[in-house]
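Novice: Provided below for reference: sequence and predicted model.
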Amino acid sequence: MSTSSKAKLTTSAVRAGINNDEQHGAVVSPIHLSSTYSLKGFNEKRQFDYSRTGNPTRATFAEAIATLEQGSVGIVTSTGMAAVHLICQLLSTEDTLVIPHDCYGGSFRLFTHLAKRGQFKLIVIDQNDQQALDQALAQKPKLVLVESPSNPLLRLVDIEKVAKASHAVGALVAVDNTFLSPLLQQPLKLGADIVFHSTTKYINGHSDVVGGVLVTKAAELGEQLAWWANCIGITGSAFDSFLALRGLKTLPVRIKQHQENALKVAHFLEENPAIQTVYFPGLPSHIGHSIAKKQQTGFGAMLSFELKGGTEAVRKLFDNLKLLTLAQSLGGVESLISHPSTMTHAGMEIADQLEAGITQSLIRISVGIEDIEDILADLAYGLEQSQS
Ligand code: PLP
């Protein structure tokens, strides 16, 4: 795995917005809550005029993420789903969108419902199935959306390969990088045109903001999407941008601890008799391990597993955990555990869930940065009880 650019990324994350206040010299970038900005005079605008269109705090955060993703334009949105929806503005009725069958349930719900209403044509495939990918690309799609690693099975897609094949038929490529953050994967460098995040997760990292961000490689595409973001009114608030910017500064140290803990949890689960299968890209047994090593600079801290004993065992496990919190979302400092079928992916029909490999026994963990001994002790007890 390459680590050469890691130090620079860390510095960029920590220094985001630091000492950019020329008026007072505030070291931490100030929060600008004003909804509107005065003109210098008749028809003489300043840089900002109205906060839906542009806001200094939001602009600082957008620039920080654009720098980390090595793109040209960053757009901060009110939620991760708003960023996903924004990308859909690139599509009109005759255009085709290709998505993976195992993307985040909320994204899947949005794409399938917009397609049902005729907003665009949709092809849902396993992007690792070469024949299915070739057939989809033969339809000359306008956009190919990739989620790698995917939610909740941590499947990996070779971004460079898909981007090359998609560009060959004139398609744009957008990558959901939520599970890794720009510190562990930079899809624009791998050939994608757009990268996006739910900043609700690792970037903010403290489970107290819902937000999104999107970065484009080409300035022109970024300007087009920024125009739409203002037009439909989905830009993020100044307060959320301030919090996410604050979270970003500790992302490098958080990610380090998250990953260290996650690897230990994965090894622990692999050995536990209550577990059927562990899905974690850091394990050599994982189907995407070699792709992860090629295109990521770390394995992240999300994992999932199949528990033995069906729904009753799942219930017993959740009932007996004291530290890991049963809740949606991920990427916060606290460890969260969830049941994708009834929680994060409940927006998908059961048949679609099964097609994507989401069973009733599948459990997802967002490994936090608590003391690893406490995380493992909690899991050990819960798993033992689940089989009793
Ligand atoms: N993409 C992924 C991979 C997600 O996990 C989520 C939310 O869980 C989203 C997008 C949507 O983000 P938000 O909940 O901030 O709207």
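Specialist: Nice, I can see it.
Novice: buried ones in the host helix or strand of Q259?
Specialist: Assigned by DSSP states H and E, Q259 belongs to helix 251-271. For helix 251-271, burial by neighbour count (16 or more other Cβ atoms under 10 Å) applies to 251-252, 254-255, 257-259, 261-263, 265-266, 268-269. From N, CA and C alone the C-beta is placed, and that goes for glycine too.
Novice: ok, now stretch 11-26?
Specialist: Burial within stretch 11-26, assessed by neighbour count using 16+ other Cβ under 10 Å, is assigned to 12-13, 16-17, 20.
Novice: same question, stretch 83-93
Specialist: Under 16+ other Cβ under 10 Å, the buried positions of stretch 83-93 are 83-91.
Novice: of these, which belong to helices?
Specialist: Within the buried residues of stretch 83-93, membership in helices is found for 83-88, as judged by DSSP state H.
Novice: any weak-confidence spans in the protein?
Specialist: The chain contains residues with pLDDT under 70 at 1-7.
Novice: can you get me a residue count around the residue of the chain at minimum distance from the ligand?
Specialist: Across the chain, no residue is closer to the ligand than G80, which sits at 2.2 Å (Cβ to the nearest ligand atom). Counted by other Cβ atoms under 10 Å, the residues lying close to G80 total 24.
Novice: and the residue lying closest to it once chain neighbours are set aside, its phi and psi?
Specialist: Leaving aside its chain neighbours, G80 sits nearest to S198 (2.6 Å; criterion: Cβ to Cβ, 6 or more residues apart in numbering). Dihedral pair for S198: phi -90, psi 110, per degrees, to the nearest 10.
Novice: S198: how many residues sit nearby?
Specialist: S198, neighbours per other Cβ under 10 Å, totals 30.
Novice: go ahead and confirm it touches T77.
Specialist: No - if you go by Cβ atoms under 8 Å, S198 and T77 don't touch, sitting 9.5 Å apart.
Novice: shared neighbours of those two, which are they?
Specialist: In terms of Cβ atoms under 8 Å, 6 or more residues apart in numbering, S198 and T77 are both contacted by the residues 83, 211-212.
Novice: in CSV: the residues you listed, plus distance to I365.
Specialist: CSV is the format used below for the shared contacts of S198 and T77 (distance: Cβ to Cβ, whole Å):
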residue, distance to I365
A83, 25
G211, 23
G212, 23
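Novice: what about the ligand: which of those touch it?
Specialist: G212 (Cβ under 6 Å from any ligand atom).
Novice: closest to V162 out of the shared contacts of S198 and T77?
Specialist: Closest to V162 out of the shared contacts of S198 and T77 is A83 (19.7 Å), distances taken as Cβ to Cβ.
Novice: next, the contact list for the closest one, please.
Specialist: Residues in contact with A83 (Cβ under 8 Å, 6+ apart) are 75, 77, 196-198, 212-214.
Novice: likewise for P252?
Specialist: Counting by Cβ under 8 Å, 6+ apart, P252 has contacts 9-10, 13-14, 183.
Novice: swap in 7 Å and give it another go.
Specialist: By Cβ atoms under 7 Å, 6 or more residues apart in numbering, the residues touching P252 are 10, 13-14, 183.
Novice: which two of these have the greatest separation?
Specialist: Taking Cβ to Cβ, the two most distant members of these are V14 and L183; they sit 11.2 Å apart.
Novice: still on that earlier bit, can you lay out the buried residues of helix 251-271 as CSV showing distance to A327?
Specialist: What follows is these, written out as CSV (distance: Cβ to Cβ, whole Å):
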residue, distance to A327
L251, 21
P252, 25
R254, 18
I255, 21
Q257, 20
H258, 17
Q259, 21
N261, 18
A262, 18
L263, 23
V265, 17
A266, 21
F268, 21
L269, 19
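Novice: tell me which parts of this structure are close to the ligand?
Specialist: With Cβ under 6 Å from any ligand atom as the criterion, the chain meets the ligand at residues 79-81, 104, 106-107, 147, 151, 176, 178, 198, 200, 210, 212.
Novice: can you tell me what sits against stretch 150-165?
Specialist: Identification of contacts with stretch 150-165 by Cβ under 7 Å, 6+ apart yields 100, 102-104, 127-128, 133, 137, 144, 146, 148-149, 173, 175, 179, 187, 190-192, 279-281, 287-288, 291-292, 295, 302-304, 340, 344-345, 357-358, 362, 364.
Novice: done for today, thanks.
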